[in-house]
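S.K.: The following comprises the amino acid sequence and a computationally predicted model.
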Amino acid sequence: MEIVGDKPCGAGPFLFLINHYSHRGFRAWWIAIALTAAAGRDLHWPMTAAWTFPDPLRSRIVTPAAVWALARIARMYGFTLMPPMPPRAKDAAARADAVRRILRLARREKPSIGMAPEGMDSPDGRLTAPPAGAGRFIALLVEAGYTPVPVGIYEEGDALRLRFGKPFAIPKTAGGDPDLYDRGIRLLVMEKIGGLLPEDLTPPPSPTPSHSPFWEGGRGTG
């Protein structure tokens, strides 16, 4: 593993925001292992509570086993379980409860936090837009005293690279449309992460120059 850029100094707390990198030979749990090792500090991670699949066979066999295993992993390491992605309407209350638990922990104990805002693998490995609400969640953590730090994770040659970007500021809401505020933060965060990744892991350029590839013209789902 190679570390590129300067890791943040000081006690924090830091909010490390990283891309949800994965492919056939690299699963998402390596993101948490690699970033925790590279950051040189214990991190609290939100993690999925289940693996979901479009086909009924894996949904009946793999998903229940994954729910059992993931719950025990979260309990062992003290992580917070979140409902799986993509968001499902039936999980809205559970997702809100998980967010509240993380915020209580953040305000009370202030552990540094690792988060992949996308929350799920993308079909082609490129960076995608996080779900609605992720921007407001990040803003609430910043209000609780966290400093956002973007991190890009990718493979180059035979090495796994983690590229640390510079800490950045999240603008405070001016009391306007909360959905636009959420969307703007999601865009800002993904542009910060995207700037640390090779071109083949970022969304293709938008055909409309005034639009961001993370939303209207690219692979985003926001």
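M.R.: Sure, I can see it. Residues are numbered from 1 along each chain as shown.

S.K.: quick one: secondary structure of the residue located most distally from the centre of the chain?
M.R.: Relative to the centre of the chain, and counting by C-alpha atoms, centre = their mean, the farthest-placed residue is L57 at 28.3 Å. Of the three states, L57 takes helix according to DSSP: H, G, I helix; E, B strand; the rest coil.

S.K.: That one and W68, how far apart?
M.R.: Distance of L57 to W68, computed by C-beta to C-beta, to the nearest Å: 18 Å. (C-beta placed from N, C-alpha, C; glycine too.)

S.K.: how far away is L105 from G5?
M.R.: 27 Å.

S.K.: try E118
M.R.: 21 Å.

S.K.: Pick out whichever of the two has more residues nearby.
M.R.: E118 (24 against 16; other C-beta atoms under 10 Å).

S.K.: Contacts only, for the more buried one.
M.R.: Listed by C-beta atoms under 8 Å, 6 or more residues apart in numbering, the contact set of E118 reads N19, H20, M85, L127, T128, A129, P130.

S.K.: Likewise for L127?
M.R.: L127 makes contact with N19, E118, M190, I193, G194, L197, L201, T202, P203, F214, R219, according to C-beta under 8 Å, 6+ apart.

S.K.: Secondary structure class of it, three-state.
M.R.: L127 - assigned by three-state DSSP - is coil.

S.K.: That one and L187, how far apart?
M.R.: Per C-beta to C-beta, L127 is found 12 Å from L187.

S.K.: Could you pull up the residues touching S112?
M.R.: G12, P13, F14, L15, F16, A39, R41, D42, L43, H44.

S.K.: where does the protein have low pLDDT?
M.R.: 174, 204-222 (pLDDT under 70).

S.K.: those helices in it, which residues are they?
M.R.: Applying DSSP state H to the chain gives helices spanning 29-39, 56-77, 92-108, 134-143, 178-194.

S.K.: what comes up buried for the longest strand anywhere in the chain?
M.R.: Across the chain, the strand with the greatest residue count (assigned by DSSP state E) is strand 147-156. Judged by neighbour count using 16 or more other C-beta atoms under 10 Å, the buried positions of strand 147-156 are T147, P148, V149, P150, V151, G152, I153, Y154.
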